[in-house]
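Colleague: Coordinates only, no sequence provided:
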Ligand SMILES: [Zn+2]
């Protein structure tokens, strides 16, 4: 009988691994419509698993796309901090499948590494959190913090329904800190805290120039060429050190550009 969470993890390591493999066998590819049932199955599998580790308050909550698995354990009381754990159970497509050494949805261990689609993004990471919760509940009978768990199924397609979900359930999702392990560690024995991650912004921009050709000798340099304007805009997105310069550009350069002095 394990006395501490860490001992519990050591004693049950093999079972944890088999459970993770079961999750990895579900081909939960969010971007391919033919895997819709697999997405449902993965969400249901996780909800059942969270119940099995000792958290009864679990729901598979529908969205306009793939469901969100939400669970909470608030037994530490209102004065204890609350941690919101985020993870995603969807995975990327597997093409080109012939480049896989072993089938992507048949988890295989080579050396110390577990190979399967989603093993390191993000099923393995979210499973670490669930197993930490299990280890505490089964050895201490409680958690030192309140825990909320949100597992989405659309991270690999831009999370289109996550923001509306958060807005709708803002009160319920309130937490002191959000813990996201959709990242990497430096080495197997060197855990890492990852912060200051950058985001993505997709913009389609159209720059229109004169309605007809202007003679370069007469107008060149005096009338902006849309290609040059676009080049200036793109070059201004980052400065020479790679820092994002778009905000600075919009604040300072864009008005000057309009005045023709930039
Ligand atoms: Zn991820």
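Modeller: Cool, the structure landed. On a predicted model such as this, the values are computed, not experimentally measured, just so you know.

Colleague: Run a quick neighbour tally on residue 29.
Modeller: Each residue near residue 29 was counted by other Cβ atoms under 10 Å, and the total is 24. C-betas here are computed from N, CA, C, even on glycine.

Colleague: roughly how far apart are residue 216 and residue 222?
Modeller: 10 Å (Cβ to Cβ, to the nearest Å).

Colleague: same check, this time on residue 19
Modeller: Applying Cβ to Cβ, the value for residue 19 to residue 222 is 69 Å.

Colleague: Could you tell me whether residue 125 really is in a helix?
Modeller: Yes - assessed with DSSP: H, G, I helix; E, B strand; the rest coil, residue 125 lies in a helix.

Colleague: I'd guessed it sits against residue 87; true?
Modeller: Yes - between residue 125 and residue 87 there is a contact under Cβ atoms under 8 Å: 6.3 Å.

Colleague: Common neighbours of the two, please.
Modeller: Common contact partners of residue 125 and residue 87 (Cβ atoms under 8 Å, 6 or more residues apart in numbering): 181, 182.

Colleague: which one of these two has more residues nearby?
Modeller: Legend: neighbour count by other Cβ under 10 Å for residue 125 and residue 87, higher for residue 87 (24 against 21).

Colleague: Next one, pLDDT for the more buried one please.
Modeller: pLDDT, residue 87: 98.

Colleague: Look at it and give its secondary structure.
Modeller: strand.

Colleague: is it in a bridge, and if so with what?
Modeller: Partner residues in beta bridges with residue 87, using DSSP bridges, are residue 151.

Colleague: And stretch 25-42, end to end?
Modeller: Distance across stretch 25-42, first residue to last, is 9 Å (Cα to Cα, to the nearest Å).

Colleague: Show me which residues of stretch 121-141 are buried.
Modeller: Within stretch 121-141, the residues scored as buried using 16 or more other Cβ atoms under 10 Å are 121-127, 129-137, 139.

Colleague: Next: stretch 97-105.
Modeller: Neighbour-count burial for stretch 97-105, counted by 16+ other Cβ under 10 Å, picks out 100, 104, 105.

Colleague: From those residues, pick the one nearest the ion.
Modeller: Nearest to the ion among these: residue 104, at 15.6 Å, using Cβ to the ion.

Colleague: contacting residues around that closest one?
Modeller: Shown in contact with residue 104 (Cβ under 8 Å, 6+ apart): 27, 94, 97, 116, 117.

Colleague: rerun at 7 Å
Modeller: 94, 97, 116, 117 (Cβ atoms under 7 Å, 6 or more residues apart in numbering).

Colleague: isn't the last one right next to residue 91, touching?
Modeller: Read it as residue 117. Yes - under the criterion of Cβ atoms under 7 Å, residue 117 makes contact with residue 91 at 4.8 Å.

Colleague: Neighbour count: the two, which is higher?
Modeller: More neighbours surround residue 91 than the other of residue 117 and residue 91, with 28 against 22 (other Cβ under 10 Å).

Colleague: Apart from its chain neighbours, what residue comes closest to that one?
Modeller: Distance criterion Cβ to Cβ, 6 or more residues apart in numbering; nearest residue to residue 91, sequence neighbours excluded, is residue 118 at 3.7 Å.
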